[in-house]
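**Q** what's the 3D shape of this:
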Amino acid sequence: MKKGVALVTVILVTAFLLVIGGLTAFLVQRGLRITGISRRALSTFEAAEGGVELGVNEIWAAENEGRAMNVINQVIGGKEVSSRPQRLFAITEKGGSLEFAAAYEGLGRGVGGGGAALFYGILSRAEGGPEDRIELEVLYRRVLGVIAQ
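**A** Down below sits the predicted model:
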């Protein structure tokens, strides 16, 4: 009766250790896959943020040159990025000259001097593959009368 107990115990312990080893290998492989997906998604998000910056630059260039804004397509970090700036609306800024970037240096203007802000929408899309696609939609405000960007 006691002769087969050791063999059965060894077989059960071996089977248990094999199951634990298999689960460990599966979890390590799964973790590496998730890490890779996360890294690709983050780099695609950063490329989309770069597209927002391209849109801001296009807004400034179009306003300074007096032309219509263009859709910008560019490759950033191996990702296809499309940036589409669009003028939305303008409002009058509230506040006095000191509150509105004029101060004593004379930079900018307050409401008394015709202070206003233009609002733009920037849609930035970045694609790195079939699973890597990020869209950012940003509202950008450009204050008229302020020299610095």
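
**Q** Could you list the low-pLDDT ranges of this protein?
**A** Within the chain, the segments meeting pLDDT under 70 span 1-2, 94-114, 145-149.

**Q** the strands in it, which residues?
**A** Ranges of strands within the chain are 72-76, 79-92, 116-127, 133-144, based on DSSP state E.

**Q** count of residues packed around residue 83?
**A** By other CB atoms under 10 Å, 28 other residues sit near residue 83. Heads up, the C-betas are built off the backbone N, CA and C, glycines and all.

**Q** Can you lay out the strands of the chain as a markdown table showing distance to residue 41?
**A** Output for those, formatted as a markdown table (distance: least, CB to CB, whole Å):
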| stretch | distance to residue 41 |
| --- | --- |
| strand 72-76 | 15 |
| strand 79-92 | 11 |
| strand 116-127 | 10 |
| strand 133-144 | 7 |
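
**Q** hey, which of those is tucked in deepest?
**A** Mean neighbours per residue, mean count of other CB atoms under 10 Å, is largest over the strands of the chain for strand 116-127, with a mean of 18.

**Q** That strand: partners in the sheet, and parallel or antiparallel?
**A** strand 79-92 (antiparallel), strand 133-144 (antiparallel) (DSSP bridges).

**Q** Reformat these as a markdown table; add distance to residue 117.
**A** Output for these, formatted as a markdown table (distance: least, CB to CB, whole Å):
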| stretch | distance to residue 117 |
| --- | --- |
| strand 79-92 | 6 |
| strand 133-144 | 5 |
